[in-house]
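J.: Here is my input; please provide its structure:
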Amino acid sequence: PGMECGWRPAGGGALNDPLLQPLAAGAGHRDRRGDGTMTGLRVLQVVEATTAGVGRHVMDLSGAMLRAGLEVRVACPAVREGARQDTALVGRLQEAGVPVHLLPMRRAIRPAADLRAGRLLLGLIREFKPDVVHAHSSKAGVLGRLAARLARRGGGRPVTVYTPNAFAFSGARSRPARLLLRGIERWLGHHATDALVCVSRSEWDQARRYDVAPPGRLKLIENAVDAGRFAELADPGPARRALGLAPDRPVVGFVGRLTRQKGASTFIDAALRVLDADGEAQFLLVGEGEQELSLIHI
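T.: As a prediction, this is how the structure comes out:
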């Protein structure tokens, strides 16, 4: 509700997007509604990171595309490796009417498992014949783009879109790993990607700095939030009382996954410094993740 998720740019409908114009003409898709909507467009979303923000993003996009009259399917694992057996995304997608194809993708680099998942994905693309393959996050970004490149259809291939949701090389701890991952991203960005969607300004800056794709293929579409979902929480009184927070003192909150990537320990360090200078402030840490136990003892 209230989110277009970047599929219908300002200044015209989706048919006016230069990326989709050749596709509309070549694939024979109709503007049935007369409003620029790509009704009947087939989209395959590929995602390994089914949890946290990436899962939410895929869910939001799937719902928006269904409402716009697109045919959308999602290829993902039933359970994400190391994610506490979280199967929530598959269930939510199925409840929303989105067909889900289970692929045994693994988060870590596993050549044998990756090859098997890639072959299954290639078969799915050839069977479903999507007009757009949208890959999310690093593992699906590699497998999805390579499979789409191989899946030739009558001399063409699906339009390939990639949303990194944070480049893998940003989290690599060693210089050789960073260089290798940047090289992979750059090759795929130049040879197997029609559009690379950055969800934040910092990701956009990184993409340009490291030349992960030609400038004309970079799109900045910041993640949307449906603020209406939180309307009933406008009164902070009950929440403050439930959490034991004073009603008249400022509260600074952190909401997110408790992982090194999100910087929860930095938030705690800053909170301790503020408390040393001003005992009136209150700090709230909300989330879960692999750093839960270690953060409790800081």
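J.: any weak-confidence spans in the chain?
T.: Scanning the chain for pLDDT under 70 picks out the ranges 1-39, 79-87, 153-156, 233, 296-298.
J.: try 50
T.: Within the chain, the ranges that satisfy pLDDT under 50 run 1-33, 85.
J.: for the helix or strand G118 falls within, which positions count as buried?
T.: Secondary structure assignment for G118, by DSSP states H and E: helix 111-128. By neighbour count on 16 or more other C-beta atoms under 10 Å, the buried set for helix 111-128 is D114, A117, G118, L120, L121, L122, L124, I125, F128. C-beta coordinates here come from the backbone N, C-alpha and C atoms, glycine included.
J.: roughly how far is stretch 229-244 from the heart of the chain?
T.: Centre-to-centre, stretch 229-244 and its host chain are 29 Å apart (C-alpha atoms, centre = their mean, to the nearest Å).
J.: Check for me that M105 belongs to a helix.
T.: No: M105: not assigned to a helix; according to DSSP: H, G, I helix; E, B strand; the rest coil it is coil.
J.: Okay, it and D60: tell me how far apart.
T.: M105 sits 21 Å away from D60, going by C-beta to C-beta, to the nearest Å.
J.: Which of those two has more residues huddled nearby?
T.: M105 (27 against 16; other C-beta atoms under 10 Å).
J.: Contacts only, for that one.
T.: Residues in contact with M105 (C-beta atoms under 8 Å, 6 or more residues apart in numbering) are E48, C76, P77, A113, D114, A117, K139, A140, L143.
J.: my guess is the last one contacts R116, does it?
T.: No: using C-beta atoms under 8 Å, L143 is not in contact with R116; the gap is 10.3 Å.
J.: Report the contact partners of F128.
T.: F128 makes contacts with R42, L44, R73, as judged by C-beta under 8 Å, 6+ apart.
J.: Any figure for the gap between the residue nearest to the last one when sequence neighbours are not counted and G141?
T.: With sequence-adjacent residues excluded and distances taken as C-beta to C-beta, 6 or more residues apart in numbering, R73 is closest to P99, at 4.6 Å. For P99, the distance to G141 equals 21 Å [C-beta to C-beta].
J.: now do L196
T.: The spacing between L196 and G141, counted by C-beta to C-beta, is 9 Å.
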